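>>> Here is my input, please return the structure:
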Amino acid sequence: MILHLDLLRHGETELGGGLRGSLDDALTAKGWEQMRAAVVAQRPWDRLISSPLQRCARFADELAARLKVPVSLEKDLQELHFGAWEGQSAAALMETDAEGLGLFWADPYSFTPPEGEPVREFSERVLSAVSRLHQAYAGERVLLVSHGGVMRLLLAQARGLPREQLLNVEVGHGGLFSLQVAADGVLKEGI
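Below is the predicted model of the structure:
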């Protein structure tokens, strides 16, 4: 049986762009608007799953209350931890660690930001969490409120992209995508 998994990225945050990672900043008014606009005309969900970081969880709570569906938090669907790079923009990193940033962009699986989480481990925890969601909710339509990195990883898998292209997957604030998760863990994009 298939799990229909819709992915919603959080909206703009108070501390702005850059590598947010495990920083727990709140949404701006625009961020709330981006997320609300993304779900206006969507089909009903059976439940919501959210990253526990407030930029995801607060919106998930609001939407679940409005739709009268259960919501739960899943810590393994948090963003990649960027270590010493957390909170920094690519422009700032170009001045302080251009070589490292270049290596990360070229192949994020082969270079880990200083004190950061290896993308291979990030991938394993995210895919394991999605497998658990399939086991628990196969046959349902679930909305996952999460982060750009989580969504890039899942979309890259569904599109069959090589690992070096992970960061080429575009996921804007308030972006909404649909996946199908099969029992064997195969991900397909679309309804």
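
>>> end to end, how far does stretch 168-180 reach?
21 Å (C-alpha to C-alpha, to the nearest Å).

>>> what element comes up after the longest helix anywhere in the chain heading to the C-terminus?
Of all segments of type helix in the chain, defined using DSSP state H, the longest is helix 119-137. For helix 119-137, the succeeding helix or strand toward the C-terminus, using DSSP states H and E, is strand 141-146.

>>> Dump the C-alpha coordinates for that next one into CSV.
The C-alpha coordinates for strand 141-146 follow below in CSV (Å, rounded to 0.1, in the frame of the first residue of the first chain):
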residue,chain,number,x,y,z
ARG,A,141,-2.5,11.2,2.9
VAL,A,142,-0.1,12.9,5.2
LEU,A,143,1.3,16.4,5.2
LEU,A,144,4.9,16.7,6.3
VAL,A,145,5.9,20.2,7.4
SER,A,146,9.6,20.3,7.2
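
>>> Show me where this structure dips below the pLDDT cut-off.
For the chain, the stretches flagged by pLDDT under 70 are 191.

>>> still on that earlier bit, quick one: buried residues of the longest helix of the chain?
Within helix 119-137, the residues scored as buried using 16 or more other C-beta atoms under 10 Å are 119, 122-123, 125-127, 129-130, 133-134, 137. Every residue, glycine included, has its C-beta placed from N, CA and C.

>>> In these, find the pair that's most separated.
Farthest pair in those (C-beta to C-beta) is V119 and Y137. Separation: 26.3 Å.

>>> and the longest helix of the chain, what other elements does it pack with?
Contacts defined by 3 or more C-beta pairs under 8 Å, 6 or more residues apart in numbering; DSSP states H and E place helix 119-137 against strand 3-9, helix 148-159, strand 176-181.

>>> thinking again about what came up before, nearest to E14, of the buried residues of helix 119-137?
Closest to E14, out of all of these and judged by C-beta to C-beta, is F122, at 24.2 Å.
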